[in-house]
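Asker: Return atomic coordinates for the entry below.
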Amino acid sequence: MNRTEKAALVETLNKTFTDAAVVVVTHQVGLTVDEVNDLRGKMRAAGARYKVTKNRIARLALKGTEYENLDESFKGPTAIATSEDPVAAAKVAVEFANENEKLTIVGGAIGSKVLDVNAVKALAKLPSLDELRAKLLGMIQTPATRIAGVVQAPAGQVARVIGAYSSKEG
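Answerer: Numbering: from 1, shown residues only. Just a heads-up that it's a prediction; the model follows:
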C-alpha cells in the first residue's frame, strides 16, 4: 500500500469515526471468512458497520475525532463496529461474541465517553433507537385511541336513546 492509498484509507476511517454515534473495538482471532461475512451481514441488517483495521491507520484516523481516547484500545488483531444508532453496533457485536469465542469485545466509546467491556455489554441490552421509537409511538397512540372511544361513546348512547324513543312512538 503506497502513501496515497494509506492517506485515503485514513481519511475514510476518520469519516467513519466522525459519523459514528458509537464505536465498539473488538479482537478477532481465528474468525473464518464466512464468520466475518456473517457478522458483517448482521451488522448491515442492524444499520451498523464492521471493519477490520490496521492499528496504526486506526490511530491516525482517530485524531481530530471525539474518539481519540480509544487510541490505547488498538493493539492486537483489531476490528471496529460502528453505527449512527448508539446501540446497534454494540448489540450485534455482543450477541456475536456470545455465540463465537473467536470475537472478544475490547471496549468502545460513545462520543468522548470511553466504555469498558461491561459498559459495552450493558449498552447492548438497551433497546435500539427503532425499538424506542416504536414504544414511544405506541404510548402516544394509546391515549388517542382511548380519547376517541370516550368521545364516540356519548354520541352512540344519544343515538340509541333517540332510536329507542322513535321506536316506542312508532
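
Asker: Compute the first-to-last residue distance for stretch 70-78.
Answerer: Counting by C-alpha to C-alpha, to the nearest Å, you get 12 Å between the two ends of stretch 70-78.

Asker: ok, and what's touching that stretch?
Answerer: 23, 25-29, 52-53, 55, 58-59, 62, 106-109, 114 (C-beta atoms under 8 Å, 6 or more residues apart in numbering). For every residue, glycine as well, the C-beta is placed using N, CA and C.

Asker: what about residue 92, which helix or strand?
Answerer: Using DSSP states H and E, residue 92 sits in helix 88-99.

Asker: got a list of contacts for the helix or strand just after that helix?
Answerer: With elements assigned by DSSP H and E, the helix or strand that comes after helix 88-99 is strand 103-110. For strand 103-110, the external contacting residues (C-beta under 8 Å, 6+ apart) are 21-29, 31, 39, 66-67, 69-70, 73, 78, 86, 90, 93-94, 96-97, 114-117, 119-121, 123.

Asker: and the helix or strand just after strand 103-110, which strands flank it?
Answerer: With elements assigned by DSSP H and E, the helix or strand that comes after strand 103-110 is strand 113-115. In the sheet, strand 113-115 lines up against strand 103-110 (antiparallel) (DSSP bridges).

Asker: Only the buried residues of the partner strand, if you could.
Answerer: Judged by neighbour count (16 or more other C-beta atoms under 10 Å), strand 103-110 contains these buried residues: 103, 105, 106, 107, 108, 109, 110.

Asker: Thank you, goodbye.
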